[in-house]
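>>> Sharing a model prediction with you, sequence too.
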Amino acid sequence: MQRIKLAAMAASGMLAVLALAHCGGGGDKAPLATLDAQSAETLTRNLAQVVPGCAFVPEGAPRLAVSGDARAVRKVAGAFVALAKRTRDRDRVVQAAKRLTEDVYEQVNGDCGGSYVARGTHQSGTTALTITFSDYCTETVDTRTVINGSMDLVNAGHPSDTGPVMEEIRASTKGSGLQVAETSEGETTTLRIVVDSFKYDVGNPGGVSSAASPDVLTLKRLQVVENGKTAYDMQDVSVATWSVGEETAMRIDRATFTDAEIGTVTLTSDTMLNGQGVLTVTGSDGSSMTLTPDPYAKGAFTIVQGGSAVGVLDCSSLEGEVALEE
């Protein structure tokens with residue numbers, strides 16, 4: 001039985017939505033930022049803001065319980081993953097061996113008002129949907145998030161006697177992206193989230209992925225505009241994952257990340273598995289920082305810049321991840 005792990009987008013986050021970015025959406029590549037201890041800490045703090053369940057812990061500070069509260073970007077990522085899972089669950093009840101073609105229409109109401117409508121078709125193992133959010137509202141004890149806009153979602157596969165066998169997932173937002181309003185403690189933050197050509201290719205459809213046939217996540221662009229200003233702008237992602245026993249290995253083949261505060265950096269990694277492997281963040285003139293998995297604390301990464309420890313990116317309570325089983 002195969003487990004295909006999708007990090008939520010805006011995991012989506014550091015491990016799933018890393019990219020070659022252009023500052024402000026222009027046509028020229030942004031110059032690389034200079035990395036020092038301060039900018040390394042700033043970058044990591046900002047990454048922790050969009051990775052579900054992550055927090056930055058400065059060097060020497062005690063580890064604290066990571067808050068489960070999610071910012072708006074995390075919630076949208078979670079909504080996307082939930083939609084993908086819901087579509088897969090629904091497809092399983094379709095006997096694709098019959099090569100059915102049918103129209104799909106489903107309306108889901110929000111926790112605190114509004115709804116989203118999923119409309120499309122299922123044909124020969126592939127479901128193609130347009131999801132439209134109309135004041136779709138979710139809330140926690142102290143935060144309310146409202147989503148508007150639409151996106152295309154495709155679960156592409158082929159029929160089998162037991163149902164569709166997934167080959168890839170594709171998603172893109174339509175128009176100007178998803179419009180998100182988050183209200184907390186009487187203050188409202190507005191965001192616009194644009195996703196262009198998210199794609200998750202299954203390396204071995206119906207079987208277990210391997211180093212020779214890994215699952216590959218690619219993304220042309222993820223842009224997050226907060227209160228009218230570009231906060232993150234990421235493009236041209238390529239991340240490979242595969243199964244090693246009960247664990248999942250990951251390798252970042254190409255990536256850069258533009259942060260509104262420090263600028264653009266590139267990211268690469270060797271194979272990361274069981275607390276081994278290094279993720280390298282490179283700035284201008286070869287200045288760099290590394291994130292190394294802690295072999296004794298799953299989900300924690302030790303950050304080093306210029307030979308000195310900066311702190312820890314603690315994602316031990318990572319949320320927003322879903323397993324889709326074939």
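Perfect, thanks for sending it.
>>> give me the element the closest residue to Tyr105 other than its chain neighbours is part of.
Once flanking residues are discounted, Tyr105 sits nearest to Arg119: 5.3 Å by C-beta to C-beta, 6 or more residues apart in numbering. Where C-beta positions appear, they are placed from N, C-alpha and C, glycine not excepted. Arg119 is part of strand 115-123, with elements assigned from DSSP states H and E.
>>> same check, this time on Asn46
Per DSSP H and E, Asn46 falls inside helix 37-50.
>>> Mind giving me the packing neighbours of that helix?
strand 55-58, helix 72-92, strand 256-259, strand 300-305, strand 308-314 (3 or more C-beta pairs under 8 Å, 6 or more residues apart in numbering; DSSP states H and E).
>>> May I see the buried residues of that helix?
37, 39-50 (16 or more other C-beta atoms under 10 Å).
>>> I'd like those laid out as TSV, including distance to Gly275 and pLDDT.
TSV is the format used below for the buried residues of helix 37-50 (distance: C-beta to C-beta, whole Å; pLDDT from 0 to 100):
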residue	distance to Gly275	pLDDT
Ala37	24	86
Ser39	26	86
Ala40	21	86
Glu41	23	86
Thr42	26	85
Leu43	22	83
Thr44	19	81
Arg45	23	79
Asn46	25	75
Leu47	20	71
Ala48	20	71
Gln49	25	66
Val50	24	56
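>>> Nearest to Val225 among these?
Val50 (13.2 Å; C-beta to C-beta).
>>> and stretch 225-238, which residues are buried?
Buried positions in stretch 225-238, judged by neighbour count with 16+ other C-beta under 10 Å: 225-226, 230-238.
>>> Give me the subset of these lying in helices.
Among these, no residue falls in helices (DSSP state H).
>>> Those residues: which two are farthest apart?
Glu226 and Ser238 (26.0 Å).
>>> Thr145 reaches Ala181, doesn't it?
Yes: using C-beta atoms under 8 Å, Thr145 makes contact with Ala181 at a distance of 7.2 Å.
>>> and the two? which has more neighbours close in?
Counting neighbours by other C-beta atoms under 10 Å for Thr145 and for Ala181 shows that Thr145 has the greater number, 27 against 16.
>>> Now do the strands in the stretch 201-326 of the chain.
Assigned by DSSP state E, counting those that start in this stretch, the strands in the stretch 201-326 of the chain fall at 215-226, 229-244, 247-254, 256-259, 263-269, 279-282, 288-293, 300-305, 308-314, 322-325.
>>> and the fourth one, what does it pack onto?
I take that to be strand 256-259. Contacts defined by 3+ C-beta pairs under 8 Å, 6+ apart place strand 256-259 against helix 37-50, strand 229-244, strand 263-269.
>>> The helix or strand containing Gly157: which residues count as buried?
Using DSSP H and E, Gly157 falls within strand 143-158. Residues 143-147, 149-151, 153-157 are the ones in strand 143-158 that count as buried (16+ other C-beta under 10 Å).
>>> Return the distance of that strand from the chain's centre.
Here strand 143-158 is found 13 Å from its chain centre; the criterion is C-alpha atoms, centre = their mean, to the nearest Å.
>>> The helix or strand following that strand: partners in the sheet, and parallel or antiparallel?
The helix or strand immediately downstream of strand 143-158 is strand 165-173, counting by DSSP H and E. Using DSSP bridges, the strands paired with strand 165-173 in its sheet are strand 143-158 (antiparallel), strand 187-201 (antiparallel).
>>> As TSV, those with mean pLDDT and distance to Ser176 would be great.
Listed next are the strands paired with strand 165-173 as TSV, based on pLDDT from 0 to 100; distance: least, C-beta to C-beta, whole Å:
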stretch	mean pLDDT	distance to Ser176
strand 143-158	90	7
strand 187-201	89	6
